[in-house]
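**Q** Got a sequence here, can you model it:
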Amino acid sequence: MEKMNDNLTPKEIVAELDKYIIGQNDAKRNVAIALRNRWRRMNVKEEIQGEIVPNNILLIGATGVGKTEIARRLAKTADAPFTKVEASKFTEVGYVGRDVESMVRDLVEQAVSMVKVAKKELVKEKAAEAVENIILDTLIPPLKGSPHPYAVKLGSDEPEDEVELNEQTRARFREKIQNGEMDDRKVEIDVSQNSTGNMGMIGGAGMDEASMINLQEMIGNMMPKKKKKRKVTIAEARKILLEEEASKMIDMDEVKEEAISKAENTGIIFIDEIDKIASGASSGGGKGPDVSREGVQRDLLPIVEGSAVNTKYGVINTDHILFISAGAFHYSKPSDLIPELQGRFPIRVELDNLTKEDFLKILTEPKNALTKQYQALVASEDVDLTFQKDALEEIAEMAFQINEEVENIGARRLHTVMSRLLNEILFDIPDTIGPHAKIVIDKKLVQEKLEGLVQDKDLSRYIL
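**A** The predicted structure is shown next:
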């Protein structure tokens, strides 16, 4: 993942999103403005800084047009904590919107993880040195009872010679460890073991999985830490011990404080399928499941408006978290949401359905284009895969046609078509198609492999 500056201009943000997402310029512009406004807020006068709230965004569009990808890539571009939840999850039995705060707790967990990774990177060299000493002490323990530096030497020089010999041996072994010459040699190390590893717990009424994990972790912290001996190679020992030593060197209180601040000021929560909790006009006016849906909306409202949420790392204020919601709105419309919640998503963007030209661009232009992914997969077996232009045009045409005639699932249709096209080739590598082979995908091959996929509508039950 490329780490970006936190002060990218809107045009630069759109340029970053263009590397992965085709079209949807209106949506890109709006999320770019929202992201830039966060940087602007952090640089205004302090007395008004707290008054500026983010303009939350509602993305409206069919499945597979890029709603989730826009939000996810935006968070990566900004190096911001990001969590995705499905609004329909809160209508399940046992939830009924009761624990909508879990999305904020997930965001804080993500922020803590990001800050820990950054802090560990800062102490990496120091931790690596400590790990090197632990491995060296295991291989060649330092001599006990070495002479004191100010002790008066009496009689024999033998103890000093032994110490010098030990130090010379350790120096030689240190050099070998640094050069990786001893990576395959096995050593026995002490590894910290989770005290609650085998502890089962029975949850009470109203306790969700996250609460159970938090309770288990709290009990684990109260119990004494156990050490377990493991025999591993020096290469493995270096990885295991590096994580432990780096964790010891970072201040968790500082991590928690920084993570809470990061989540509050730069966090992004993506609420998908928000249309599933909207009460459609045709569904009977507030009876049956609509009551539950409206309840979920009312529980979401204080989180989106801004409230204090308790997490195991401390209290987080949601006032300045950016909420991006999305939905297809096939059977309902944004006005079916309760007015208070509608007002909290002032920016509405309708995403365009993908055209044949969009499909062709999706196959070739993004950094993570499907064609590039399949080329990388077969390249790992020393096989060269190339797609002719007319073949890509045919794939785009077929994907578009199936979406029109069967079910519009957007860009996800390309995964189905490409998988069907390359299934046999991927199976034959490396047994039938050996290394250094060159495979060219042309229009004729595409038509042969995908023959009948479009014409026979009965096949629609087998197509995603």
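**Q** which of the residues in the strand or helix carrying S325 are buried?
**A** Element membership of S325 [criterion: DSSP states H and E] is strand 322-327. Under the neighbour-count criterion of 16 or more other C-beta atoms under 10 Å, strand 322-327 has L322, F323, I324, S325, A326, G327 buried. Backbone N, C-alpha and C define where each C-beta goes, glycine included.
**Q** Would you mind giving me the confidence score for A78?
**A** Note for A78: predicted pLDDT of 89.
**Q** and it, how many neighbours does it have?
**A** Residues lying near A78 (other C-beta atoms under 10 Å) number 24.
**Q** can you check G180 too?
**A** G180 has 11 nearby residues by other C-beta under 10 Å.
**Q** list the helices and strands the strand holding S325 packs on?
**A** For strand 322-327, the helices and strands in contact under the criterion 3 or more C-beta pairs under 8 Å, 6 or more residues apart in numbering; DSSP states H and E are helix 25-42, strand 57-60, helix 67-78, strand 268-272.
**Q** neighbouring contacts of that strand?
**A** 31, 34-35, 38, 54, 56-61, 67-68, 71, 74, 87, 267-276, 278, 304, 344-345 (C-beta atoms under 8 Å, 6 or more residues apart in numbering).
**Q** repeat that for 6 Å
**A** 34, 54, 56-59, 67, 71, 268-275, 304, 345 (C-beta atoms under 6 Å, 6 or more residues apart in numbering).
**Q** do stretch 305-317 as well
**A** So stretch 305-317 is contacted by E101, V104, R105, V108, N214, K256, I260, A263, E264, T318, D319 (C-beta under 6 Å, 6+ apart).
**Q** Repeat that for stretch 337-344.
**A** Contacts of stretch 337-344 (C-beta under 6 Å, 6+ apart): N56, A278, Q297, L301, V304.
**Q** List buried residues within the contacts of stretch 305-317.
**A** Buried among the contacts of stretch 305-317 (16+ other C-beta under 10 Å): E101, V104, R105, V108, K256, I260, A263, E264, T318, D319.
**Q** Of these, which belong to helices?
**A** Counting by DSSP state H, these place V104, R105, V108, K256, I260, A263, E264 in helices.
**Q** And the furthest pair within those?
**A** Farthest-apart pair in those is V104 and K256; separation 14.9 Å (C-beta to C-beta).
**Q** if we can go back for a sec, are any of the contacts of strand 322-327 buried, and which?
**A** The buried subset of the contacts of strand 322-327 - by 16+ other C-beta under 10 Å - is 34, 54, 56-59, 67, 71, 268-275, 304, 345.
**Q** Contacts only, for K361.
**A** I22.
**Q** just to confirm, which helix or strand has it in it?
**A** helix 356-364.
**Q** and that helix, how far from the chain's centre?
**A** 26 Å (C-alpha atoms, centre = their mean, to the nearest Å).
**Q** Next, the buried residues of that helix.
**A** Going by 16+ other C-beta under 10 Å, helix 356-364 has these buried residues: D358, F359, L360, K361, I362, L363.
**Q** average pLDDT across that helix?
**A** For helix 356-364, the per-residue pLDDT averages 93.
**Q** What residues sit buried inside whichever helix or strand comes after it?
**A** The helix or strand immediately downstream of helix 356-364 is helix 370-379, counting by DSSP H and E. Neighbour-count burial for helix 370-379, with 16+ other C-beta under 10 Å as criterion, is recorded at L370, T371, Y374, Q375, V378.
**Q** By mean pLDDT, which helix or strand of this protein comes out lowest?
**A** Lowest on mean pLDDT, DSSP states H and E among the helices and strands of the chain sits helix 209-222, with a mean of 61.
**Q** got the contact list for the next helix or strand after that one?
**A** The helix or strand immediately downstream of helix 209-222 is strand 226-233, counting by DSSP H and E. Residues outside strand 226-233 that contact it (C-beta under 6 Å, 6+ apart): D184, K186, E188, I189, D190, V191, Q193.
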